[in-house]
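S.K.: Here is my input, please return the structure:
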Amino acid sequence: MSKLTDVPKRILIGRALRSDRLGETLLPKRIALPVFASDPLSSVAYAPGEVLIVLSVAGVSAYHFSPWITVAVVLLMFIVVTSYRQNVHAYPSGGGDYEVATTNLGPRAGLAVAGALLVDYVLTVAVSIAAGVENLGSAVPFVAEHQTAFAIGIIVVLTLMNLRGVRESGKLFAVPTYVFVTGVFLMIFWGAFRGLVLGDEMRAPTADFEIAAEEQGLAGFALVFLLLRAFSSGCAALTGVEAISNGVPAFRRPKSRNAATTLALMGTLAVTMFVGIIALAMASDVKMAERPAHELLRDGVPVGAEYHQDPVISQVAAAVFGGGSLLFLLLAGATALVLFLAANTAYNGFPLLGSILAQDRYLPRQLHTRGDRLAFSNGIVMLAGAAGVLVYVYDADSTRLIQLYIVGVFVSFTLSQAGMVRHWNRHLAQETAPAARRRMLRSRVIAFTGACITGLVLVVVLVTKFTHGAWVALLGMVIFYGVMTAIRRHYDRVSEELAAPDEPGDEATRPSRVHSIVLVSKVHKPTLRALAYAKLLRSGPLEALSVNVDPEETRELRAEWERRGITVPLKILDSPYREVTRPTIEYVKGLRRDSPRDAVTVYIPEYVVGHWYEHLLHNQSALRLKGRLLFTPGVMVTSVPYQLESSERAKARAKRRADWSAPGAVRRGPAGPAAPAGSAGAPGSAEAEFRTESGVDGGSRPGT
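M.R.: Numbering: from 1, shown residues only. Model (predicted):
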């Protein structure tokens, strides 16, 4: 089974890495930029379109408000980036917003931020992949016809790439990200040169379309609400900014400075591209609509359901480079790729945050451990599963998915900056040096401004998007908060139960003696081995136990037992309904009732097989019995493994691996006794490479 699963695993994700090679996976700035900043950089591919789609509700006349919305988004980006540069210097451990909120505002605020970020990371993957498929569909109609299937397939590919490790996936992602950035800047410069210097008239494919506005002549509160909704959609350009503060540990030294530099570079590039695309969209007369089949008119007639609405960046590229030109196709391909890879921001942020939360006992501990390639594999798989469900439910429609978006990120923005205000207040109370105080006062003003502005934007987003789907994101945050709180309570309760007593010599838990039971059904090698092992360790009464499910087999067992002169008493339990588990459990419980201070040890002979299909040929009565016995107080269960020939052959094949160690290889020897399960390499332990099977062959009793 190990060989069957290990070979494909190594092909897909590569060889396992030693823990001491973790430093080799750290990222230089040139790789960290595409790894952590691909989300905000790629958001310029769909954020401008979302602004125009919302404004289209009032018709083309409302488009002249787009420059003002762009200015507001740029100002907000500047404030958020400036604030987060402080965060990475003050909290470089990788906790990001969660650590800032927990440290300064308390655990509840920290959990609220964590829940918001986890939801936002899932949505980042779903929105980025959906938008990428839509961009690819603008050049390849077959993709547009099967966009949900393609989106889920891309999620699977990205998951495998990230399971190979952060550094390796970063190298793969760097090229398309830089090609995309270069292509967008080339488009902006060439478009500006054509329009301002050459005086060319650039026309988008939709320039001659008209928009059938839902509401004509909006004014007053209705117009303000529409503009606020368009602004909240444009704020999608800010998503992913927080990922760098969560990923500081992945940077090379000096970590904080490199992260802050990457953050500033990301903000500059994203703002420039966002402004440039909006400007070219206005210059080329791009038209967008929420329901293009009915609201876009060609010669006064709706374009119909067969019309595919291309994203703004595709229409601008067609106007600047010419539809079907080499540069147009190159930019379309790079845009689709970078949108797919933008999900990598979440693939790095979600597992890191999940690991920190698991360390703090708010998520299962499995999320804290690194996988074979030193990536947080369990977090990566969990993120992929959640994003895949969203893409399937929403048919990979980025316009529908984006309504759920950015709520979580602005919750974290607001609470994080409020926490930073508390952080600087605390430091100012202790600092006396005038120069240091001036720096802290300036930082506090930046944090306070950021908290106020992002808090205001959060209110706007909630008001304008709640009925359009934002309530789903809020529900997800509440669910995450409740689940994490319940997990922490569970871990705290278990920790309290397992705490060692204050008195090291406490005799309360020491049993007066141990009553040993060996489960048997036939006299064969596994049974004899289990009996020998139980005799070696006995510290009280020892007996063999069998259940009578077949009178003929039971008579043969008694006869063989007596013929061999086995000195261990044999106890036969009657079972009118041919059950094994219930009579055994009742017998063990009876021993406990008769002698409450005694412990009972049950020895179960088990087979070790070398092929996965052999597991299907043996029933699992011993496993069911073990499961029931584990719930019985005062009962210990010991597995006594016996390796069959198939396991020996598998061991010989696997010895080609220098680091291989078969289960039971150290224990078995030529004639030595077996060791109990749970020791290093025992069946069921983390080191086990083979299936440890119930020792049942055709019958219903363990040991057969």
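
S.K.: What strands flank the longest strand along the chain, and is each parallel or antiparallel?
M.R.: Ranked by number of residues, the top strand in the chain under DSSP state E is strand 599-609. Here strand 599-609 is paired, per DSSP bridges, with strand 514-519 (parallel), strand 635-643 (parallel), strand 691-694 (antiparallel).

S.K.: Looking at the last one now, give me its mean pLDDT.
M.R.: So the one you mean is strand 691-694. Over the span of strand 691-694, the pLDDT mean works out to 36.

S.K.: Show me where the stretch 1-150 of the chain dips below the pLDDT cut-off.
M.R.: Counting by pLDDT under 70, the low-confidence segments of the stretch 1-150 of the chain come to 1-26, 94-95, 138-139.

S.K.: can you give me the helices for it?
M.R.: 2-13, 29-42, 47-55, 66-90, 96-105, 107-139, 141-145, 147-163 (DSSP state H, counting those that start in this stretch).

S.K.: buried residues in the second one?
M.R.: Put plainly, it is helix 29-42. Across helix 29-42, burial judged by 16 or more other C-beta atoms under 10 Å covers 31, 32, 33, 34, 35, 36, 37, 38, 39, 40, 41, 42. All C-beta spots, glycine's among them, are computed from the backbone N, C-alpha and C.

S.K.: before we move on, the earlier item: how about CSV for the strands paired with strand 599-609, with mean neighbour count added?
M.R.: Listed next are the strands paired with strand 599-609 as CSV, based on neighbours: other C-beta atoms under 10 Å:
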stretch, mean neighbour count
strand 514-519, 23
strand 635-643, 23
strand 691-694, 24
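
S.K.: will you turn the ones you listed into JSON lines that also has distance to residue 330?
M.R.: Supplementary listing: the strands paired with strand 599-609 in JSON lines, determined by distance: least, C-beta to C-beta, whole Å:
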{"stretch": "strand 514-519", "distance to residue 330": "70"}
{"stretch": "strand 635-643", "distance to residue 330": "60"}
{"stretch": "strand 691-694", "distance to residue 330": "52"}
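
S.K.: how much space is there between residue 390 and residue 194?
M.R.: According to C-beta to C-beta, to the nearest Å, residue 390 and residue 194 sit 40 Å apart.

S.K.: So the two - more neighbours on which side?
M.R.: residue 390 (22 against 17; other C-beta atoms under 10 Å).

S.K.: Excluding sequence neighbours, find me the nearest residue to the more buried one.
M.R.: In space, and not counting its chain neighbours, residue 390 is closest to residue 126: 4.2 Å by C-beta to C-beta, 6 or more residues apart in numbering.

S.K.: Assess the claim that that neighbour and residue 391 are in contact.
M.R.: Yes: with contact defined as C-beta atoms under 8 Å, residue 126 counts as touching residue 391 (5.2 Å).

S.K.: the more surrounded of the two?
M.R.: residue 126 (29 against 26).

S.K.: how much space between that one and residue 209?
M.R.: Where residue 209 is concerned, residue 126 sits at a distance of 29 Å (C-beta to C-beta).

S.K.: Between residue 126 and residue 391, which contacts overlap?
M.R.: Listed as contacting both residue 126 and residue 391 by C-beta atoms under 8 Å, 6 or more residues apart in numbering are residue 401.

S.K.: can you list contacts of stretch 93-106?
M.R.: Outside stretch 93-106, the residues touching it (C-beta under 8 Å, 6+ apart) are 87, 90-91, 109-114, 117, 242, 245-250, 352-353, 356-357, 412-413, 415-416, 418-420, 422-423, 426.

S.K.: for the stretch 201-350 of the chain, what spans make up the strands?
M.R.: 210-211, 296-298, 301-302 (DSSP state E, counting those that start in this stretch).

S.K.: Pick the most buried one from those.
M.R.: Most buried of the strands of the stretch 201-350 of the chain, by mean neighbour count (mean count of other C-beta atoms under 10 Å): strand 210-211, with a mean of 20.

S.K.: Pull the residues that contact that one.
M.R.: 56, 59, 60, 287, 289, 295, 296, 297, 298, 300.
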